[in-house]
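K.L.:
here is a sequence together with a model predicted from it:
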Amino acid sequence: MEPATTTTDTINTAPITAGPALVDLPTRDVLSVDGRGAPEDQAFVTAIRALFAVRLGLGAGEGVPLEGSYSQGGSLESDDGPAFDLTSPDGWVWRLVVPAPPGMTAYGIAAAAARSGAPVQLRRQAEQRVAQVLHRGPYADEGPSLAALYAFVAEQGLGATGPHTEIYLDDPASTAPAVRTVLQVPVTPGSRQS
């Protein structure tokens, strides 16, 4: 996989700021793979390779950020599961996504995915409001950034409506200490807090 390179500090048309911010994301189509377990597990590695192989097989480049949504054994569709625990990745439920090339159909994706080794699907992500913050540093050190993000959500009188998402602006295989990761959580007024 090539490192994601961006010429501007934007993702999904959302400006990236160092501090927490509220952002409205547009509806978009993505390629996705769902799974369970730690990022070191073979299923996770296979999912990443499959997503980028399918994108490439469909004529699109690899230079897009990988995104992952994570839940602690709960649902990826709601915030009803146990609190997320960075120290227990074996219990994680995850969804990895990359942007889908324009004009793709579920049939075209299925045909390209048949050779990928993972169940890549075409999924439409609905428009949503998120709170986001930029984390710099190792993934294992995201705890304070996630805490600051959820504190910001509470300060705004909002609630989390689903698990958090990580957008890897740098190659997730990198061991550099200053990798950049955008942390997002979907929000709505009056929802339950994590």
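P.N.:
Looks like it came in fine.

K.L.:
could you look up the SS state of the residue nearest to residue 57 when sequence neighbours are not counted?
P.N.:
Distances taken as Cβ to Cβ, 6 or more residues apart in numbering place residue 112 nearest to residue 57, at 4.4 Å, with adjacent residues excluded. In short, each C-beta sits where N, CA and C put it, glycine included. Secondary structure, DSSP: H, G, I helix; E, B strand; the rest coil: residue 112 is helix.

K.L.:
contacts only, for residue 112.
P.N.:
For residue 112, the contacting residues are 54, 57-58, 120, by Cβ atoms under 8 Å, 6 or more residues apart in numbering.

K.L.:
change it to 7 Å
P.N.:
54, 57-58 (Cβ atoms under 7 Å, 6 or more residues apart in numbering).

K.L.:
then residue 22?
P.N.:
Applying Cβ under 7 Å, 6+ apart, the residues near residue 22 are 129, 131, 156.

K.L.:
my read is the first one is in a strand, agree?
P.N.:
Right, residue 129. Yes - assignment of residue 129 by three-state DSSP places it within a strand.

K.L.:
which residues does it form beta bridges with?
P.N.:
Beta-bridge pairing for residue 129 (DSSP bridges): residue 24.
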